[in-house]
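Participant: Pasting the sequence and the predicted model now:
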Amino acid sequence: MVSDKSFFNQNSFHDPKRNLGFGIGLRRPHFDEIFTHHQGVDFLEFVSDNYMNCNDRDREVLEKAGRLFPIVLHGVSLSIGSPDPLNKEYLQNLEKLIEMTNAVVFSDHLSYSSAFGVEYHDLIPLPFTKEVVDHIVPRVKQVQKIANIPFLLENPSYYVEMPGAEMTEVEFVLEILEKSDCGLLLDINNVYVNAQNHGYDPFEYVDAMPPERVYQYHMAGHYEGEHCIIDTHGSNIKDEVYRLYEHSIRHTGPVSTIVEWDNEIPPLDELLGENRKVRRTSKAALRERKRASA
Amino acid sequence: MSSFYETLETMHQLLRGEKSPEEVAEIFGADPNRLAIYQGFVKGHIAKTLEKNYCLLKRTILPEIWKKLVDQYFTKYPALDWRLNESTEKFPFFLQDSLSQKDLQLNEFHVELAKFEWEEVNIFNTDATIPSPTQIDQLILNPTISILQFTYPIAEFVKQIRVGKKNKWLEEKKFFEEREQEEIVFLFRNLQTYRCNFLQGNDNILFAFKVVHENLSLSQAAEATGQEISIIKQIIREVSQTGLIILPKNF
Ligand SMILES: [Fe+2]
């Protein structure tokens, strides 16, 4: 159970930052169009790593976006699970970016992307062990201190379970969230992909997450590869993922949801169409949730 | 040593290509095909970024040799920066160091072209702010400027290849012919388009650059060259059209 002292307590249900509506991850090909064509977009997500020490064109876009929309930042290079110390320069840049964009929430993944001084530029899975939990918790606390806005960890997709697991993925995620009092960015597509690749029930996973910890959702597309399902962010969101999202919204209530599309980026219209579909799905789930509780 | 550390060390060997997916699969009791996905991703990010940042260079190199270059660069220069672009910064140095490897068939032209392409990436990404004419009260150089010297006709090659038409000069590979005199090329980002421009240093450009760089007044410049002030002004105005120098509004 989440204690009353926790940031993510019963009050987080009423936190407006937890319910920003329906947003999209803004990528470069849509930089010009988004300012004239954004029907249904309630907020924008930027990949933080791409805008640290950015050029004046990017700065202009960020500033303009910040005047029109609430901004959330999402990183990929924090490397929270790395055996190396957290990168001070990276943290300083992140802090500056949060200030510059007036971001309301920032997040990164529960994985690592660098070790022994080398960067992998990819999200590498961690072993589900107590040792890793103890390693990560103080690091999350260190990150939480850099800004006065909530920091969230995202459940990443993974294709290989690291050896030596002492707990399940769910137990691992929950222990870290609770011990570090951190919010969860629940990527529904990742839950689906992992459940298929590792043979567990994605609905049970979602049900195990305390609703008050779930502070943001990601929705994205995946690809059925030869050896497993790959989390590509390069296609439309599959129906099964929508079904899981619907289930999760019934469980958590309304939570900000972002459509991520990073490869084979489609015309903005298609992205907005997906955003509308997410909104419809969420609204329908909420109606059902209301009916069930009546 | 902890098991966490050991696991990450083994993964590191996989991701750096020091151990095969099959070897790691045996240690982890995991599927080698899935481990191979990670190995492929990590190297693939560097390979794709090299391909993007050095796309013209790649066109001058045989595919099998390009692959060798990517493999060797990945091994010799582990990525130390979380920014993917920065992880390809050392590619021109790597090419320079590889000139003696005969099987790679490289010469100084490739090194110079790589330097040019890296500088374009660098300039595009620089966080320098280019002031608008209303924000300055004297002539200034574009703050994103970078000056490179080449012994091969790099600027001409880039121009021709970007035009995209086949021509004799390209077909006969004239660009591989070294020049007697070094060529100066200015690279900078354009204030309006945000694109990277480059200019070959001709007399007017070098002159205008010198006037602004050395902070000479128009009369000092006129005196030094024996030209009318109006002509000096005209040259500076013309060069400013390129974006290399920025004129104050009242110039
Ligand atoms: Fe995600």
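Facilitator: Ah, there it is. Keep in mind that what you see is a predicted model, and the values were worked out from it rather than measured.
Participant: so A:Pro202 makes contact with A:Val191?
Facilitator: Yes - between A:Pro202 and A:Val191 there is a contact under CB atoms under 8 Å: 4.9 Å. In this view, the C-beta of every residue, glycine as well, is placed from N, C-alpha and C.
Participant: shared neighbours of those two, which are they?
Facilitator: Here A:Pro202 and A:Val191 have A:Leu244 as joint contacts, going by CB atoms under 8 Å, 6 or more residues apart in numbering or on different chains.
Participant: tell me the SS of A:Ser114?
Facilitator: Secondary structure, DSSP: H, G, I helix; E, B strand; the rest coil: A:Ser114 is strand.
Participant: Ignoring the adjacent residues along the chain, who's closest to it?
Facilitator: Spatial nearest neighbour of A:Ser114, excluding adjacent residues (CB to CB, 6 or more residues apart in numbering or on different chains): A:Ser79 at 4.6 Å.
Participant: ok, that neighbour - contacts?
Facilitator: Residues in contact with A:Ser79 (CB under 8 Å, 6+ apart) are A:Leu86, A:Asn87, A:Tyr112, A:Ser113, A:Ser114, A:Ala115, B:Trp82.
Participant: quick one, what contacts A:Val278?
Facilitator: By CB under 8 Å, 6+ apart, the residues touching A:Val278 are A:Phe22, A:Met219, A:Ile237, A:Tyr245, A:Thr257, A:Val259.
Participant: Now the two most distant members of those residues.
Facilitator: Greatest spatial distance in the contacts of A:Val278: A:Phe22 and A:Ile237, 12.7 Å, computed using CB to CB.
Participant: which residues does A:Asn189 contact?
Facilitator: A:Asn189 neighbours (CB under 8 Å, 6+ apart): A:Ser157, A:His218, A:Met219, A:Ala220, A:Gly221, A:His222, A:Asp231, A:Ile237, A:Val241.
Participant: what number of residues lie near residue 80?
Facilitator: The chain I'm using is chain A. Neighbours of A:Ile80 under the rule other CB atoms under 10 Å in any protein chain shown: 24.
Participant: That was the other one, I meant chain B.
Facilitator: For B:Leu80, the count of nearby residues is 13 (other CB under 10 Å).
Participant: Apart from its neighbours in sequence, what residue is nearest the residue of chain B most remote from its centre?
Facilitator: Ranked by distance from the centre of chain B (CA atoms, centre = their mean), the top residue is B:Gly29, with 43.7 Å. Of all residues not flanking B:Gly29 in the chain, A:Pro163 sits nearest, at 6.4 Å (CB to CB, 6+ apart).
Participant: For B:Phe28, see how far away the one you found is.
Facilitator: Computed as CB to CB, to the nearest Å, the A:Pro163 to B:Phe28 distance reads 5 Å.
Participant: Tell me which of these two has more neighbours.
Facilitator: Set A:Pro163 next to B:Phe28 and count neighbours by other CB under 10 Å: B:Phe28 wins out with 22 against 15.
Participant: so where do the strands sit in the stretch 51-200 of chain A?
Facilitator: Taking DSSP state E, counting those that start in this stretch as the criterion, the stretch 51-200 of chain A contains strands spanning A:71-74, A:105-109, A:112-115, A:118-124, A:151-154, A:183-187.
Participant: Distance to B:Trp66 and mean neighbour count for those - can I get that in JSON lines?
Facilitator: Output for these, formatted as JSON lines (distance: least, CB to CB, whole Å; neighbours: other CB atoms under 10 Å in any protein chain shown):
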{"stretch": "strand A:71-74", "distance to B:Trp66": "33", "mean neighbour count": "24"}
{"stretch": "strand A:105-109", "distance to B:Trp66": "32", "mean neighbour count": "26"}
{"stretch": "strand A:112-115", "distance to B:Trp66": "26", "mean neighbour count": "23"}
{"stretch": "strand A:118-124", "distance to B:Trp66": "20", "mean neighbour count": "22"}
{"stretch": "strand A:151-154", "distance to B:Trp66": "35", "mean neighbour count": "25"}
{"stretch": "strand A:183-187", "distance to B:Trp66": "36", "mean neighbour count": "26"}
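Participant: Quick one: the helices in the stretch 101-250 of chain A, in order.
Facilitator: Using DSSP state H, counting those that start in this stretch, the helices of the stretch 101-250 of chain A run over residues A:130-144, A:169-180, A:188-198, A:202-208, A:239-252.
Participant: Single out the most deeply packed of those.
Facilitator: Among the helices of the stretch 101-250 of chain A, the stretch with the highest mean neighbour count (mean count of other CB atoms under 10 Å in any protein chain shown) is helix A:188-198, at a mean of 23.
Participant: what mean pLDDT does it have?
Facilitator: Averaging pLDDT along helix A:188-198 gives 97.
Participant: could I have it exported to CSV, CA atoms only?
Facilitator: The C-alpha trace of helix A:188-198 is given here as CSV (Å, rounded to 0.1, in the frame of the first residue of the first chain):
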residue,chain,number,x,y,z
ILE,A,188,0.6,-0.5,-22.3
ASN,A,189,2.2,-1.7,-25.5
ASN,A,190,5.3,-2.8,-23.5
VAL,A,191,3.1,-4.7,-21.1
TYR,A,192,1.5,-6.5,-24.0
VAL,A,193,4.8,-7.2,-25.8
ASN,A,194,6.5,-8.5,-22.6
ALA,A,195,3.5,-10.6,-21.8
GLN,A,196,3.6,-12.2,-25.2
ASN,A,197,7.4,-12.7,-25.2
HIS,A,198,7.6,-14.0,-21.7
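Participant: between it and strand A:183-187, how many degrees?
Facilitator: Calculated by axes from the mean of the first three to the mean of the last three CA atoms, to 10 degrees, helix A:188-198 forms an angle of 70 degrees with strand A:183-187.
Participant: pLDDT at B:Met1, what is it?
Facilitator: 45.
Participant: Same question for the one 5 residues further on.
Facilitator: At B:Glu6, the pLDDT value in this model is 96.
Participant: now for the host helix or strand of it, which elements pack on it?
Facilitator: Secondary structure assigned from DSSP states H and E places B:Glu6 in helix B:3-15. In terms of contacts (3 or more CB pairs under 8 Å, 6 or more residues apart in numbering or on different chains; DSSP states H and E), helix B:3-15 is packed against strand A:112-115, strand A:118-124, helix A:130-144, helix B:21-28, helix B:32-53.
Participant: Could you report the neighbour count for B:Gln67?
Facilitator: One correction, residue B:67 is Lys, not Gln. 12.
Participant: Compare the strands of the stretch 51-200 of chain A and report which one is nearest to the ion.
Facilitator: Between the ion and the strands of the stretch 51-200 of chain A, the shortest gap by CB to the ion is with strand A:183-187, which sits at 3.8 Å.
Participant: What strands line up against that closest one, and which way round?
Facilitator: Sheet partners assigned to strand A:183-187 using DSSP bridges are listed as strand A:151-154 (parallel), strand A:214-219 (parallel).
Participant: Which of the contacts of A:Asn189 scores worst on pLDDT?
Facilitator: When those are sorted by pLDDT, the bottom entry is A:Asp231 at 90.
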